[in-house]
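> sequence plus the predicted model coming up.
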Amino acid sequence: MRHILIIGATSAIAEATARRFAHDGDRLYLVARNQERLTAMASDLKTRGATQVETMVLDVNDTAKHADLISQAETTMGELDTILIAHGTLSDQKACEASFDETLKELQTNCLSVISLLTHVANRFEEQKHGTIVVVSSVAGDRGRQSNYVYGTAKASVTTFLQGLRNRLYRSGVTVITIKPGFVDTPMTASFRKGKLWASPEEIGEGIYRAIQNKNDVVYLPWFWRWIMLVIRMTPESVFKRTKL
């Protein structure tokens, strides 16, 4: 039985993953901004088999409360051995281009708040000599593209931070997993035209569950995004800068 802290728990990907955990009878501590949605989700997860489900309302950008969050979750659950960080916003690229304040707001939510949480969790797990850290990053961080480079910058920073943590924590027995989804059909992407490359939150949730079971390092979801992004990364800059991606 795992003792799992999920931050950004009401996101479509996190909820789908939590249902998979519930099936195993795991104990869950859910953190998000909306108590009503958290309460409904907790009830659903208990019905699906979760042994214990606790909730907390928190704005992840209030980084001063992150240390207390980790401590409270650990005290309430008895221990913590897994954390899934899945919160984020899909940046309005045009708004960010026009305003540094908008850019900073997106970087705070998608990058700095994540790094703050990871700093606290990494120190705790390093001390206890075990644990699994899972963070939802994105294929958008693999290369800067004109359509979403502010969002991509945030995700690239998170990915690099996770690489360093993985290297640092390996000898302490702590697993650090980077999840890189491609296009996912969620409320956040409701206005986008969907195609064959799009995945459901349930597919991503199952992939996250398998990554934890297998103690993977970096996982592209669905799998074919690894090869798509390889091609994109290998394209020479002299060619890539002419594209309209």
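Received it, and whenever you're ready, just let me know what you need. Residues are numbered from 1 along each chain as shown.
> OK, contacts around L245?
Shown in contact with L245 (C-beta atoms under 8 Å, 6 or more residues apart in numbering): R145, Q146, S147, I232. Heads up, the C-betas are built off the backbone N, CA and C, glycines and all.
> helix or strand right after the one helix or strand the last one maps to?
So that's I232. Following DSSP states H and E, one finds I232 within helix 225-234. On the C-terminal side of helix 225-234, the nearest following helix or strand under DSSP H and E is helix 237-240.
> derive a ChimeraX selection command for the buried subset of the contacts of L245.
The ChimeraX selection below is limited to those of the contacts of L245 classed as buried (16 or more other C-beta atoms under 10 Å):
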select :145,232
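> which of the contacts of L245 lies closest to T10?
For the contacts of L245, the minimum distance to T10 (C-beta to C-beta) is 26.6 Å, reached by S147.
> what about the helices in this protein?
With helices called from DSSP state H, the chain shows them at 12-23, 35-47, 66-77, 93-98, 100-107, 113-128, 149-169, 201-214, 225-234, 237-240.
> now E206, nearest residue through space, not along the chain?
In space, and not counting its chain neighbours, E206 is closest to R20: 6.4 Å by C-beta to C-beta, 6 or more residues apart in numbering.
> residues contacting the one you found?
Taking C-beta under 8 Å, 6+ apart, we find R20 in contact with G205, E206, I208, Y209.
> which of the residues you listed sit farthest apart?
Between all members of the contacts of R20, the farthest pair (by C-beta to C-beta) comes out as E206 and I208, at 7.4 Å.
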